[in-house]
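Participant: pasting the structure only:
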């Protein structure tokens, strides 16, 4: 056999292989397009509907999880902001205490007293603008949620658990206690 004969035989075999492969692909395509049995069509449709419902449920769950995450993150940011504000105010409160002590003492220098009084008024105005309110104490009934009792005295002139003296003013930011009032409680 010559080389040209061998090449012709190889080409013929390749053509046969291509024709066979093409026929097999056509048969596979026909079998995939047409269901083998008409009863398979409703089952396939039901299966697709189940898959669609499952994917929709996954999507809704993911959406709900994201919404919960967003709300939780917002609450955490708000809580962190409140904590930072209260910590900052807590560091400023010793200035308030010193001004309050200065106002309690008598002085002959009225200009000095007036200056301290104006500074205290300005500080209270700033605290008020920030939402900081003083905790009422004198004459009030003792509340352990906002008061810190450091002394107790028995005296018939006062009512049960009545606050008769305030040593240190307490402050609240919204619902959060920044500093408890240090008080003396009767009975």
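Facilitator: Cool, the structure landed. Not measured: the values here are computed from a predicted model.

Participant: burial count for residue 181?
Facilitator: Neighbour count of residue 181, defined by other Cβ atoms under 10 Å: 26. To be clear about C-beta, it is placed using only N, CA and C from the backbone, and glycine gets the same treatment.

Participant: phi, psi of the closest residue to it other than its chain neighbours?
Facilitator: In this structure, residue 181 finds its nearest non-sequential neighbour in residue 170, 3.2 Å apart by Cβ to Cβ, 6 or more residues apart in numbering. Backbone torsions of residue 170, given as degrees, to the nearest 10, read phi -100, psi 160.

Participant: my read: residue 170 touches residue 149, true?
Facilitator: No: when contacts are counted by Cβ atoms under 8 Å, residue 170 is not listed as touching residue 149 (12.0 Å).

Participant: tell me the SS of residue 127?
Facilitator: helix (DSSP: H, G, I helix; E, B strand; the rest coil).

Participant: so it touches residue 86, yeah?
Facilitator: No: look at residue 127 against residue 86 with Cβ under 8 Å: they stay out of range, at 11.7 Å.

Participant: for the top helix by length along the chain, give the mean pLDDT please.
Facilitator: When the chain is parsed with DSSP state H, its longest helix is helix 40-104. Within the predicted structure, the mean pLDDT of helix 40-104 is 93.

Participant: and for residue 180, the neighbour number?
Facilitator: 19.

Participant: what does residue 168 give?
Facilitator: 16.

Participant: same deal with residue 145?
Facilitator: 7.

Participant: and the gap between it and residue 184?
Facilitator: Using Cβ to Cβ, to the nearest Å, one gets 18 Å for the distance from residue 145 to residue 184.

Participant: and what of residue 73?
Facilitator: 44 Å.

Participant: between the two, point out the one with more neighbours.
Facilitator: Per other Cβ under 10 Å, whichever of residue 73 and residue 184 has more neighbours is residue 184, with 17 against 10.
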